[in-house]
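**Student:** I would like to see how this sequence folds:
(one chain, ligands or ions: 1)
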Amino acid sequence: MSRLIYILNGPNLNLLGKRQPEIYGHETLADVEALCAKVAKAEGFDVALFQSNYEGGMVDQIHDAREKACGIVINAGAYTHTSAAIFDALNTFEGPVMECHISNVHKREAFRHHSFISPRAEGVLAGFGIEGYGFCVKRICTLLTKG
Ligand code: DQA
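**Tutor:** Next comes the predicted model:
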């Protein structure tokens, strides 16, 4: 089994740290990567972080994960609320999937309350800031080592 966990990020998350910091905080995607790598390393895993502003780009990254990754943490950004294509792609992946949102989507606009991804996810975290990514990585490590 691969020991590589993919951390997939959707549209606008390249601007993390600059974009609406009152909602998403001041930390950047590089900080997310460093946190995830630290958590994974302590459990004997590695991470690879990707970001795409395109739905098809995210689908391609999920297909790539089929061959290379043992688990996926995904923050699909606004595609969370719209994308059957990302849901279908995740259903082609066999390992555990954790859904992560920096903000508490349930406290926000109604259109953010529905997720196409949640039915495929082992767990969903929202509103923990970037710390949530670390918790999601840890959970994937636990699922893969202890079942
Ligand atoms: C987000 C929440 C989404 O509703 C939004 O479109 C994002 C980021 C979050 O991390 O809180 O881009 O997924």
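**Student:** now stretch 121-135: mean pLDDT?
**Tutor:** The pLDDT scores in stretch 121-135 average 98.
**Student:** what are the buried residues along the longest helix along the chain?
**Tutor:** Criterion DSSP state H: the longest helix present in the chain is helix 131-146. Within helix 131-146, the residues scored as buried using 16 or more other Cβ atoms under 10 Å are 131-141, 143-144. Just so you know, the C-beta spots here come from the backbone N, C-alpha and C atoms, and that holds for glycine as well.
**Student:** same deal with stretch 124-131?
**Tutor:** Using 16+ other Cβ under 10 Å as the test for burial, stretch 124-131 gives 124-126, 128, 130-131.
**Student:** does any bit of the helix or strand that Lys38 is a member of sit next to the ligand?
**Tutor:** Using DSSP states H and E, the element containing Lys38 is helix 29-42. No. Contact of helix 29-42 with the ligand (Cβ under 6 Å from any ligand atom) is absent, the minimum separation being 10.4 Å.
**Student:** around the ligand, which positions in the protein sit nearby?
**Tutor:** So the chain meets the ligand at 12, 75, 77-78, 80, 101-103, 105, 112 (Cβ under 6 Å from any ligand atom).
**Student:** highest neighbour count among those?
**Tutor:** Asn75 (26 neighbours; other Cβ atoms under 10 Å).
**Student:** what's the burial count for the nearest residue to that one once chain neighbours are set aside?
**Tutor:** The shortest distance from Asn75 to any residue other than its chain neighbours is 4.7 Å, reached at Cys100 (Cβ to Cβ, 6 or more residues apart in numbering). Cys100 has 28 neighbouring residues, counting by other Cβ under 10 Å.
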